[in-house]
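# Here is a sequence together with a model predicted from it:
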Amino acid sequence: MFPCQSALSQFLDPTVSVKQAVRTAIGDIQQPWIDLGKEWRMSAFDAKALFSLGMMRRYILSANSVLKELRFHGFLSAFALLSSAIELLGRCTHPNLEVRQHPIEKSMDRLTAGFEYIKNPRLQAGVVVETNHYINANGGYNVDDLINLRNLAVHGACIVRVSQVKADIELLHNLRVLIYGVPFGELDPHLGDGPVAGALDRYYGELVAGNSIRCEQLATSAISPSPTQLQGGNWLLSTQVVNEITQHIQSNLAQGNLPVGGGHTKAQDHFQLYY
């Protein structure tokens, strides 16, 4: 599916400052993708790329389900899920090898890279996203604002200062637009009638276009399929994720839709609770 097939890393790079005990515990970060690729009859690179895209999409759909059930009470959980998708995107795109590979540290660097990747290009420098409810001196939410909110959502902001940022529901809607795109049936005041591509479709397009930098970044990022010991000795979750995203992309392309975000309709979307 992806014409640029950079060689995957076998182990964490020796230049990355990771303790030997951690390296030993992690082991080979290439072989699982080779094994899964054989099972799915695709290359190891294809397997890794599809799994990464599939996991990002699952985070977004999980956040959507939380909001469907809990509405505004689900803000914190939904934002934490979106942040996980953005951190994974940052691991795939960060230019620094240590940030892409470090298994324990550098999560804030990956979040920063992810937020910068999805940034709304029409906004001024430093602003990732804006809403009608929160416009600070810089014109909207910057990376620090969003990371502080992520830390609040994940662990009660116990290790960072609590900023004055307002956690408004519209933020979730606008972040979903940046990550997943404008769905069918929605009219965005700036982007127009959906569907409009989000970051996942742009990232997919870069891999399909054979962007050598993006392919090398993904190939050397430390991403592993779900441990088999958590799944009864098989690759159940990983297989489901890859099969699901593969069928989803193929179906969208056959219908002329955007590959990852296509097919999502306003009626299915629950990020619009402020309406």
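Yep, it's here. Numbering: from 1, shown residues only.
# how about low-confidence regions in the stretch 51-200 of the chain?
Within the stretch 51-200 of the chain, the ranges that satisfy pLDDT under 70 run 134-138, 157-167.
# The closest residue in space to residue 76 that isn't next to it in sequence: what's it in contact with?
Of all residues not flanking residue 76 in the chain, residue 153 sits nearest, at 4.4 Å (Cβ to Cβ, 6 or more residues apart in numbering). (C-beta placed from N, C-alpha, C; glycine too.) Shown in contact with residue 153 (Cβ atoms under 8 Å, 6 or more residues apart in numbering): 75, 76, 77, 79, 80, 83.
# filter the residues you listed to the buried ones?
For these, a burial check counting by 16 or more other Cβ atoms under 10 Å picks out 75, 76, 77, 79, 80, 83.
# Which of those residues fall in strands?
Using DSSP state E, no member of the buried ones among the contacts of residue 153 sits in strands.
# Can you name the two of the contacts of residue 153 that sit furthest apart?
75 and 83 (12.2 Å; Cβ to Cβ).
# if we can go back for a sec, now, the contacts of residue 153 that are in helices?
Within the contacts of residue 153, residues falling in helices by DSSP state H are 75, 76, 77, 79, 80, 83.
# In TSV, list the residues you listed along with distance to residue 67.
Converted to TSV, the ones in helices among the contacts of residue 153 look like this (distance: Cβ to Cβ, whole Å):
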residue	distance to residue 67
75	8
76	11
77	9
79	10
80	12
83	15
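# and residue 122, how many neighbours?
Residue 122: 9 surrounding residues under other Cβ atoms under 10 Å.
# On the three-state scheme, residue 217 is what?
Of the three states, residue 217 takes helix under DSSP: H, G, I helix; E, B strand; the rest coil.
# Return the residues in contact with it.
Taking Cβ under 8 Å, 6+ apart as the test, what residue 217 contacts is 92, 93, 94, 95, 100.
# Kindly provide the distance from the fourth one to residue 52.
It stands for residue 95. 17 Å (Cβ to Cβ, to the nearest Å).
# Name the residue in these two with the higher neighbour count.
Using other Cβ under 10 Å as the criterion, residue 95 and residue 52 rank with residue 52 on top: 22 against 9.
# Which strand or helix spans the residue lying closest to residue 54 once chain neighbours are set aside?
Closest residue in space to residue 54, ignoring its immediate chain neighbours: residue 245 at 3.4 Å, by Cβ to Cβ, 6+ apart. Using DSSP states H and E, residue 245 sits within helix 236-254.
# circling back: what is the nearest of the ones in helices among the contacts of residue 153 to residue 45?
For the ones in helices among the contacts of residue 153, the minimum distance to residue 45 (Cβ to Cβ) is 26.4 Å, reached by residue 83.
# Just give the nearest non-adjacent residue to the closest one, would you?
Of all residues not flanking residue 83 in the chain, residue 150 sits nearest, at 4.1 Å (Cβ to Cβ, 6+ apart).
# thinking again about what came up before, can you tell me which of the buried ones among the contacts of residue 153 is nearest residue 179?
The closest of these, once distances to residue 179 are taken by Cβ to Cβ, is residue 83, at 10.5 Å.
# re the thing from before, is it true that the residue nearest to residue 76 lies in a helix?
Yes: assessed with three-state DSSP, residue 153 lies in a helix.
# Quick check: the gap between it and residue 272.
Taking Cβ to Cβ, one finds residue 153 at 19 Å from residue 272.
# now do residue 80
Counting by Cβ to Cβ, the gap from residue 80 to residue 272 is 19 Å.
# so where do the strands sit in this protein?
Using DSSP E, strands in the chain cover 127-129, 141-142, 187-188, 192-193.
# Which of the ones you listed sits closest to residue 178?
strand 127-129 (6.2 Å).
# strand partners of that closest one, parallel vs antiparallel please.
Looking at strand 127-129 with DSSP bridges, its partner strands are strand 141-142 (antiparallel).
# Distance from the chain centre to the partner strand, please.
Once both centres are worked out by Cα atoms, centre = their mean, to the nearest Å, strand 141-142 turns out to sit 18 Å from its chain's centre.
# thinking again about what came up before, looking at the strands of the chain, which one is packed in the most?
Across the strands of the chain, averaging neighbours per residue (mean count of other Cβ atoms under 10 Å) puts strand 141-142 on top, at a mean of 24.
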